[in-house]
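Q: Structure, please.
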Amino acid sequence: EHPVTEMITNQDLVEWQLRIAAGEELPIKDQSQIPCIGHAFEARIYSEDPTKDFFPATGKVWHHRPPATPNVGMENDTSTRVDTGIAVGKDISVHYDPMVSKLIVHGDNRDDALKNLVQELKNYQIAGVPSNIPFLIKCAQHPVFRTAGTTNTGFLEEFMDDVRISECKPDSMGAMEKAVCAFVVSLVTEKKVGSTKDVLYQGERENVKAVGGPWSSGSWRLGPKYQTLLNIRDHEGGSIKYMHNDDGASGITIMGEDGKEGMKINGFLSGENNLSIMVDGVQKKSFTAVYNEDTVAGTITVNVWPSNAASSSSTSQFEEDDGAFSMTFDHPSLHAHRYRDESKTSLFTASGSGRSYELRAPMPGKIVRINFEEGATVNENDVLIVMEAMKMEHSMTANMQGVLSNINCEVGDIVGDSDALATVTEDMDEEESESESA
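A: Predicted coordinates:
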């Protein structure tokens, strides 16, 4: 990779190529004049889901903060370089491969360079699409990879179980992570992002009440404390219930399933995405927090990274990767007017003629092969349709034995995400003949 070579030689190889293409000679012809300084690594950041066999993902990038100013090439005089074609608001589309960027780091030796790699991977922020960053961190931190001379092309085949990324479900997240995400939602829905006027910690709130009454704190509310129920959109769902401060101060109290008050969080989120909180009046924490409101889907997504993630002393279960976490909720202000399309998540349906399985496109793409004709009998795991997306072919297989029907596409068609392509229905005649013979 030319950026790695450029990092350790201080030579701009792309400039060399352009000069040669213009008819000039090589700038240096004596190999002894090429230095070899230190060590460098390159990590490729991809829009893919490591919890789903690295399936490539499409979507709009609504937050992208690399650990270094991107695309400065050899002008960058630091130990970190980022080459990318992605900017905030841009889409990762099906027409190209899902690479987001190249992250290149340098160090005086291999150990220093590897330490820098892990640090900058943990400081890399992207939201809107999944990424392979947690997987790259686990690989870089693996003891075999850390030992010089012990890594070969069979590394993943041998150690995949060690570096595999498991799916993070809301019910496996810690109370702190859930509370932080809920607090961000409360600030958004109450239009308090970027404002510190209602930020009062426990002692300050009590003092304000004593001196000027409850309305002195800002957005005071009449009546008892009110609660908000956040429905989790991710995975199996669930919910988080929190109670607002009755004096209007920026803060929430997480409510337990038994109705008792739990963790209390006060703080603020600046317009620069800096989240500062106080937990239970004693523990201060700081994060980078971003959010995205999807008015079409009626959701709000919160992504959070610990400040100074690489040196964080947090005992969070997410510390093994970049310490980041995220949650998607039904938007409290919108969900009453939006309904989830369960037809895109429930593939099996029952009818009078037996079960049927609807084959849906996993992402937008182009149909390149249809391996069976309508009415054909297919077996479980048969490859029915092959589509091309993001420079890769994706095979869609039958999840059960049955008859292929309702083929809704042709070779060459461009299909959208979750489009229904075909249906596999149980062959009831075959089942009846088998039962009669038995």
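Q: Might you list the low-confidence residue ranges for this protein?
A: 76, 168-172, 197-225, 234-237, 246-248, 308-322, 335-354, 428-438 (pLDDT under 70).
Q: most centrally placed residue in it?
A: residue 130 (3.2 Å; Cα atoms, centre = their mean).
Q: In contact with that one, which residues are there?
A: Neighbouring residues of residue 130 by Cβ atoms under 8 Å, 6 or more residues apart in numbering: 47-51, 57. The way it works is simple: take the backbone N, C-alpha and C, and place the C-beta from them, glycine included.
Q: Now do the phi/psi pair for it.
A: Main-chain dihedrals, residue 130, degrees, to the nearest 10: phi -70, psi 160.
Q: separation between it and residue 54?
A: When distance is defined by Cβ to Cβ, to the nearest Å, residue 130 is 10 Å away from residue 54.
Q: Same check on residue 267?
A: Distance, residue 267 to residue 54, by Cβ to Cβ: 36 Å.
Q: Neighbour count: these two, which is higher?
A: Higher neighbour count among residue 267 and residue 54: residue 267, with 23 against 15, using other Cβ atoms under 10 Å.
Q: Any figure for the gap between that one and residue 287?
A: From residue 267 across to residue 287, the span is 10 Å (Cβ to Cβ).
Q: Same check on residue 57?
A: Taking Cβ to Cβ as the measure, residue 57 falls 24 Å from residue 287.
Q: picking that back up, any shared contact partners between residue 130 and residue 54?
A: Residues touching both residue 130 and residue 54 (Cβ under 8 Å, 6+ apart) are residue 48.
Q: what's the burial count for residue 369?
A: As a burial measure, residue 369 scores 13 neighbours (other Cβ under 10 Å).
Q: quick one: contacts for it?
A: Applying Cβ under 8 Å, 6+ apart to residue 369 gives the contacts 385-386, 411.
Q: Repeat that for residue 416.
A: Residue 416 neighbours (Cβ under 8 Å, 6+ apart): 361, 364.
Q: Surely residue 132 is in contact with residue 48?
A: Yes. Assessed by Cβ atoms under 8 Å, residue 132 is found in contact with residue 48 at 5.5 Å.
Q: which neighbours do these two share?
A: With Cβ under 8 Å, 6+ apart as the test, residue 132 and residue 48 both reach residue 54.
Q: ok, the longest strand anywhere in the chain: who's next to it in the sheet?
A: Across the chain, the longest stretch assigned as strand under DSSP state E is strand 283-294. Strand 283-294 has the following sheet partners, assigned by DSSP bridges: strand 274-279 (antiparallel), strand 299-306 (antiparallel).
Q: Select from the contacts of residue 369 the one having the most neighbours.
A: That'd be residue 385 among the contacts of residue 369, by other Cβ under 10 Å, with 24 neighbours.
Q: For that residue, which non-adjacent residue is closest in space?
A: residue 396 (4.8 Å; Cβ to Cβ, 6 or more residues apart in numbering).
Q: And that neighbour, which helix or strand is it part of?
A: strand 392-397 (DSSP states H and E).
Q: just how off-centre is the helix or strand following that strand within its chain?
A: As assigned by DSSP H and E, the chain's next helix or strand after strand 392-397 is strand 402-405. Per Cα atoms, centre = their mean, to the nearest Å, the displacement of strand 402-405 from the mean C-alpha position of its chain is 36 Å.
Q: going forward, begin numbering at 233 instead of 1
A: Taking 233 as the first residue, the last one we looked at is strand 634-637.
Q: what helices or strands is strand 634-637 leaning on?
A: If you count contacts as 3 or more Cβ pairs under 8 Å, 6 or more residues apart in numbering; DSSP states H and E, strand 634-637 packs onto strand 609-610, strand 652-657.
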